[in-house]
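Asks: Sequence and predicted structure below; questions after.
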Amino acid sequence: MDNEQAAVNIDYRRAEFLKSAPSLNECPADSGAEVAFAGRSNAGKSSAINVLTGNKKLARTSKTPGRTQLINFFTLSDCQRIVDLPGYGFAKVPLAVKQQWQRHLEEYLRQRQSLRGLVLLMDTRRPMQEFDRMMLSWAESCNMPVHILLTKADKLKKGPAKSALLQLQKELTPLQGLVSVQLFSALKKTGLDQLQARLNIWLEEGAASTTTVDPE
C-alpha cells in the first residue's frame with residue numbers, strides 16, 4: 001500500500017519523447033527504471049500509451065500496422081521512463097527485417113537492467129498469438145514480470161469479455177506470480193486506473209532501488 005500511495009506522484013501527462021533506438025546499444029543510459037509496452041502491430045499499443053499519457057500524438061498511431069520499427073523512449077522524470085517497443089505481426093516488411101526486430105527485442109528484454117516490467121497487449125478477441133507466446137517465453141526465461149492488457153474490450157459485451165479474461169487467467173496459471181491480466185479499452189478508458197497502479201509500483205520500486213545513500 002505504501003508503494004501505491006507514494007506512486008500517486010507519478011504524472012504520466014508529463015511524458016516527453018526522449019529517443020528512438022534501433023538496437024540495445026543505442027538505447028539511453030541503462031539507469032533508473034522503465035516499463036516497456038509490447039504487442040502485435042494491431043493490438044492497440046500506441047493508443048494505450050497515448051491514453052495513459054493524455055497525449056494523442058505521443059506514440060505514433062497508424063492505420064498501417066507495423067509502422068513502429070524502433071525502440072522509443074519517453075521520460076516521466078529524471079529516473080523513470082516508459083518504452084514503446086516495435087510492433088510485430090502484420091508489418092509488410094521482408095522476413096530478414098522481422099528477424100532483426102525479433103533479435104533486438106530479445107536483447108532488450110534480456111539485457112536491459114533498468115527494465116522493471118513488461119506490459120503485453122493482446123486483442124481481447126484474439127489473445128495468445130505466436131508473438132504473445134514468444135514474449136511470455138522470453139519474460140519467463142529472465143524472470144521479468146508481465147502485465148497483460150486485453151485491449152479493445154469495448155468490442156465485446158461484458159459477458160464475453162469477462163469470459164476471455166477468465167480463460168486467459170486459467171491458461172496462465174503456471175506463470176502465476178509473474179504474470180497478471182486485465183481488460184482494457186483505450187476508447188472507453190476502461191482499466192486505465194488498474195494499469196496506472198501497476199506501472200506506479202514498478203516505476204517507484206525500480207527508481208527507489210537505484211537510489212543510493214552516501215554513508216557519510
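Replies: Received the coordinates, thanks. Here the structure is a predicted model, which means the values were calculated and not measured.

Asks: need the helix or strand of the chain with the lowest average pLDDT.
Replies: Ranked by mean pLDDT, DSSP states H and E, the weakest helix or strand in the chain is helix 2-6, scoring a mean of 43.

Asks: what element comes up after that one heading to the C-terminus?
Replies: Following helix 2-6 in sequence order, the next helix or strand is strand 16-21 (DSSP states H and E).

Asks: Parallel or antiparallel, list what pairs with that following strand.
Replies: When sheet partners are counted by DSSP bridges, strand 16-21 sits next to strand 71-77 (antiparallel).

Asks: Show me the contact partners of whichever helix or strand comes after the strand it pairs with.
Replies: Going down the chain from strand 71-77, the next helix or strand is strand 80-84, by DSSP H and E. Here strand 80-84 makes contact (C-beta atoms under 8 Å, 6 or more residues apart in numbering) with 10, 12, 15, 18, 28, 32-37, 45-46, 49, 52-53, 59, 68, 71-76, 114-115, 199, 203, 206-207. Every C-beta, even on glycine, is put in place using the N, C-alpha and C of the backbone.

Asks: same deal with stretch 193-209?
Replies: Outside stretch 193-209, the residues within contact range by C-beta under 8 Å, 6+ apart are 3-4, 6-8, 10, 12, 32-35, 48, 52, 76-77, 79-80, 82, 114, 116-117, 119, 145, 147, 149, 180, 182, 184.

Asks: Of those residues, grab the buried ones for PyMOL.
Replies: Of the contacts of stretch 193-209, the buried ones go into a single PyMOL selection, burial set by 16 or more other C-beta atoms under 10 Å:
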select buried, resi 7+10+12+32+33+34+35+48+52+76+79+80+82+114+116+117+119+145+147+149+180+182+184
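
Asks: Write a PyMOL command that selects only the buried members of the contacts of strand 80-84.
Replies: Per 16+ other C-beta under 10 Å, the buried members of those correspond to this PyMOL selection:
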select buried, resi 10+12+15+18+28+32+33+34+35+36+37+45+46+49+52+53+59+68+71+72+73+74+75+76+114+115+199+203+206+207
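
Asks: ok, Lys189 touching Val51?
Replies: Yes - using C-beta atoms under 8 Å, Lys189 makes contact with Val51 at a distance of 6.1 Å.

Asks: Of those two, give the one with the bigger neighbour count.
Replies: Neighbours per residue (other C-beta atoms under 10 Å) separate Lys189 from Val51, with Val51 holding more: 22 against 13.

Asks: quick check: mean pLDDT across stretch 94-105?
Replies: For stretch 94-105, mean pLDDT is 81.

Asks: before we move on, what about stretch 178-194?
Replies: Averaged over stretch 178-194, pLDDT sits at 97.

Asks: For the most centrally placed residue in the chain, give me the pLDDT.
Replies: Centroid-nearest residue in the chain, with C-alpha atoms, centre = their mean: Phe37, separated by 2.0 Å. Per-residue pLDDT puts Phe37 at 96.

Asks: same for the helix or strand where it lies, what does it pack against?
Replies: Assessed by DSSP H and E, Phe37 sits inside strand 33-39. Contacts defined by 3 or more C-beta pairs under 8 Å, 6 or more residues apart in numbering; DSSP states H and E place strand 33-39 against helix 45-53, strand 80-84, helix 95-111, strand 115-123, helix 130-141, helix 192-209.
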